[in-house]
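1. Quick one, structure for this:
(2 chains)
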Number of protein chains: 2
Amino acid sequence: MITGKNYVGSKLKAAGEKTFKTYNPQLDIENPWVFTEATQGEIEEAVTLAHQAFGTYKNCSGLEKADFLNAIADEVLALGDNLLVQYCSESGFPMGRAEGERGRMVGQLRSFAQMLAEGSWVQAAIDTAIPERVPAPKEDLRKMLVPLGPVVVFGSSNFPFAFSTAGGDTASALAAGCPVIVKSHSMHVGTGEMVASAILKAAQKTNMPEGVFSNLVGGGTTLGTSLVKHPLVKAVGFTGSIRAGRALFDLAAQRPEPIPVFAEMGSVNPVVFLPKALAMNSQKWATAYAGSITLGAGQFCTNPGLLIGIKGAELNKFAEELAKAIEKIEPFCMLHPSMKNSFEEGTSTMMAQKGVSKIAEYQGGAPANYGVQKILTVDGKTFLENKRLSHEVFGPFSILVQCDDEEQLLRIINQLDGQLTGTIIGEPNELKQYNKLIAAMQNRVGRLIFNGVPTGVEVCPAMIHGGPYPASSDSRFTAVGIHAVNRWVRPFSYQNWPNELLPAELQNENPLQILRTLNNIQTKSQVK
Amino acid sequence: MITGKNYVGSKLKAAGEKTFKTYNPQLDIENPWVFTEATQGEIEEAVTLAHQAFGTYKNCSGLEKADFLNAIADEVLALGDNLLVQYCSESGFPMGRAEGERGRMVGQLRSFAQMLAEGSWVQAAIDTAIPERVPAPKEDLRKMLVPLGPVVVFGSSNFPFAFSTAGGDTASALAAGCPVIVKSHSMHVGTGEMVASAILKAAQKTNMPEGVFSNLVGGGTTLGTSLVKHPLVKAVGFTGSIRAGRALFDLAAQRPEPIPVFAEMGSVNPVVFLPKALAMNSQKWATAYAGSITLGAGQFCTNPGLLIGIKGAELNKFAEELAKAIEKIEPFCMLHPSMKNSFEEGTSTMMAQKGVSKIAEYQGGAPANYGVQKILTVDGKTFLENKRLSHEVFGPFSILVQCDDEEQLLRIINQLDGQLTGTIIGEPNELKQYNKLIAAMQNRVGRLIFNGVPTGVEVCPAMIHGGPYPASSDSRFTAVGIHAVNRWVRPFSYQNWPNELLPAELQNENPLQILRTLNNIQTKSQVK
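-> Presented below is the predicted three-dimensional model:
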């Protein structure tokens, strides 16, 4: 079933000589399939095909694109359990996670299909002419969103389904009308190939142009670099580390024609525990956070890596209860031996910092690639003086910062890098007295949570998954929810254009019955 | 009336030693006022004040910000004719233009005020909780747009009112909730000071925080560079040359925390004349384009600098008529001797290119700083082979490219850099046969015009003033119209947040009666 080849458009190709294999971290053995890295010729061909496909694909109607996305969802499901087994063998995740994440991937595809079928997402705006206006007549102007062109999507390590081959970036770019070239993540490139085969089957069934999707394989940075620098590529989607995301951002900014990169990068997702909440519900929050920190071996962008409280009996009690809860949870398998190594290195580096001590660690034995969860602690002053303590350790890890007072806590929040999320655990009547703290947190994050955990990113219009740099490379966009499509489109105006030659979205008759801004009023009315 | 000092917040300061003067190009003499460049200390103070002001200003209600913007409009008008005279003496523009552009500036301020008062621009989206959902409950999520932080605005040379101190960038950033620091354009820094005084008077009258606006003076690149690199600055707006815009874009991208730069840069605004239209209305289009090319001495971003047609009797006739019309128009004064020099150099360089010949030039005499309009011509093959011929010459200049056939015309369009506008002059029944040409043009521009001229940028929601690079640094935004506000905001989510502590825009009761996306439906309804 796995060929190990690249999909250059719908054709399987493997002219290259460099090969590699994936790894089963659960079994601690190399997987059998051999993958061949894309050659420069194959890269060139995939981008050229995408460019050619753009000419046709951008003119597909919303319904045609919706059919394509729904067909991808259908074809992914048609791969059945084989796909889930492949996913597990290349990620170490259990079957339940595989099934859940497949549901998320399919749900995302269908929600973009729904958005396309409804049609109002193009933000059509019409200002009709006023020929009699003085001193100059007003011309007819009509605006809508149009796609940017071919988009390169980098598969993520930690979401082989939901943020990889047919994940949120691909689904939103295809919804926008942009052909997609995926750089498959090397850890689960077999899973990627299977999902790619489903996308291409769907493309064929719904008569999409050749080149609307390609799936390329590469082990190092050559493939990614070549794609981002290619003049026919018009935007980039990425989920991963700050180091890799920033490198791609820099490459794109240095092009003769700079292009937008949406990179969703690191985050430690600070959580502030207010005293009253701990006094009343210490046990509840300790249990909830032990679960959130260890969920999926802590391999989530929204993993809570930084817990902050004010010194006192409440915080001591919470620390004890968190330690107890953490020590009870069985460790999980990590994605790859290299992830486990990075995690071990990261926690060791943290432990070696001045003033840091351990408050909890799972004590039982664990198989080779399992991430053994750890909680460290440090006082507020030390944390403020050592920037390294605010860096992310990817895996089941968190550091509890014990502040002297509210003022120190506020300084810590103000000094943080940008984050995907920030959480306040408090009693409702406690929040008002911490308004400065909340305002500071709001400046640093994309999503502010009250009495909950940051893990679990709902796919819905009101979700924002992004945030100030380096949580993302551009805080003005989200990677989750239908508004993720805005990353891949630009507004475009027609002036005085003949009605019958306008796209349906902008015609007088409003044939698609979409919501439009007509002379400053939101309406589905026709232009009279 | 003119102090020559910097407004650091509301305080006039001039601790520096470097000074310069502005120039009256119409009278061909230096103006009397002496301006003192901002010191590093003054820059630091202005940015710090803006950062502090942000904490208060971002929480101002839409109505409070609307009052501020309307007050700016009122105070600008209260400056009366003195402001218009100042404008003319620093730009060489006639009084009619001064008055018209002031109207545009005031109109922009009021249209953003109207947007704020109505309130729906924040794109509020609410997804209510589903506590009983399995396997996991759905949390309540509420999203709206929030401001990025202090914005630096670079005044443009060619719009001392509409794209400078209180122009579109400033108005949209203040509407977003971002404090603004203007780097006043050195050619009309006296006009800038007067407008800044109006903004600060308005700020005082409407109780805006100190630092919500500063106006700094600088002659070279030091001031701009310091501002763009400052860690507390969160976004940049710019209108000007590709060279300067790209330099600022690069600086911003290289920061430890990269920030968005919206730079509206060069454009030659290609115009394609189809044969039937020329056969039927050659005279009409020659007159219209002679007017558009010379309007305001050609000093518009949307000046039509590139005219393209297919060789034949129709195009010859059009060239003759354009030449006649061009030669009849009296030249206009340019903004500054340096503009006039650049224009002369630009046209000389063009004339010196192989295969280029002149078809029209105004023959009468003209005062010192007047831009004497020129039309050159070249054949399609030569144009394709010489990239320099597609560069912008800022001023009353255009080049007519005579193509062998439609295929060559199409290649020219495909090869063009990104443009603000593209125009097709044709008969309605002629357009369908040129669908490839139209599709190609659409890929290269932000606004596509049928049977009109690109000059005259209407301020309305359906306008897009921007386009693929280098027309702008990010084609996903517009510099004109209320959606210009989107450059300075980011989406922000509240999860499970207590209703009474939410911003009014997101509260259950919808107290502002704005249009919101409630569980995927656009509505003004309350959350039940």
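2. Chain B contacts on the stretch 151-300 of chain A?
-> For the stretch 151-300 of chain A, the residues found near chain B under the criterion Cβ under 8 Å from any Cβ of the partner chain are A:249-250, A:253-254, A:257-258, A:260. Placement of C-beta: from N, CA and C, glycine included.
3. Using neighbour counts, trim these to the buried set.
-> Burial by neighbour count, judged by 16 or more other Cβ atoms under 10 Å in any protein chain shown, picks out A:249, A:253, A:258, A:260 from those.
4. could those be laid out in a markdown table, adding secondary structure?
-> Below are these laid out as a markdown table (DSSP: H, G, I helix; E, B strand; the rest coil):
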| residue | secondary structure |
| --- | --- |
| A:F249 | helix |
| A:A253 | helix |
| A:P258 | coil |
| A:P260 | coil |
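5. Which member of those residues is positioned nearest chain B?
-> Minimum distance to chain B across these is 3.8 Å, recorded for A:A253 (Cβ to the nearest Cβ).
6. mind listing what that closest one touches?
-> If you count contacts by Cβ atoms under 8 Å, 6 or more residues apart in numbering or on different chains, A:A253 has them with A:261, B:249-250, B:253-254, B:258.
7. let's see 6 Å
-> Residues near A:A253 by Cβ atoms under 6 Å, 6 or more residues apart in numbering or on different chains: B:A253.
8. do the same with A:G467
-> A:G467 makes contact with A:418-420, A:445-446, A:475 under the criterion Cβ under 6 Å, 6+ apart.
9. What of A:T3?
-> Residues near A:T3 by Cβ under 6 Å, 6+ apart: A:L12.
10. What's the separation between it and A:A14?
-> Look at A:T3 and A:A14: by Cβ to Cβ, to the nearest Å, they are 8 Å apart.
11. Now do the longest helix anywhere in chain A: which elements does it pack against?
-> Among the elements of type helix in chain A, defined by DSSP state H, the one spanning the most residues is helix A:95-118. Using 3 or more Cβ pairs under 6 Å, 6 or more residues apart in numbering or on different chains; DSSP states H and E as the contact test, the elements touching helix A:95-118 are helix A:62-78, helix A:80-89, helix A:168-176.
12. winner for burial among the ones you listed?
-> For the helices and strands packed on helix A:95-118, ranked by mean neighbour count under the definition mean count of other Cβ atoms under 10 Å in any protein chain shown, the leader is helix A:168-176 at a mean of 30.
13. strands paired with the next helix or strand along the chain from it, and their directions?
-> For helix A:168-176, the succeeding helix or strand toward the C-terminus, using DSSP states H and E, is strand A:180-183. The partner list of strand A:180-183 in its sheet, established with DSSP bridges, is strand A:151-154 (parallel), strand A:213-216 (parallel).
14. what element comes up after strand A:180-183 heading to the C-terminus?
-> Scanning forward in sequence from strand A:180-183, with DSSP H and E defining helices and strands, the next element found is helix A:189-205.
15. So which bits of that following helix are buried?
-> Neighbour-count burial for helix A:189-205 flags A:189-203 (criterion: 16+ other Cβ under 10 Å).
16. so which of the residues you listed would you say is closest to A:G9?
-> Among the buried residues of helix A:189-205, A:L200 lies closest to A:G9 (Cβ to Cβ), at 8.0 Å.
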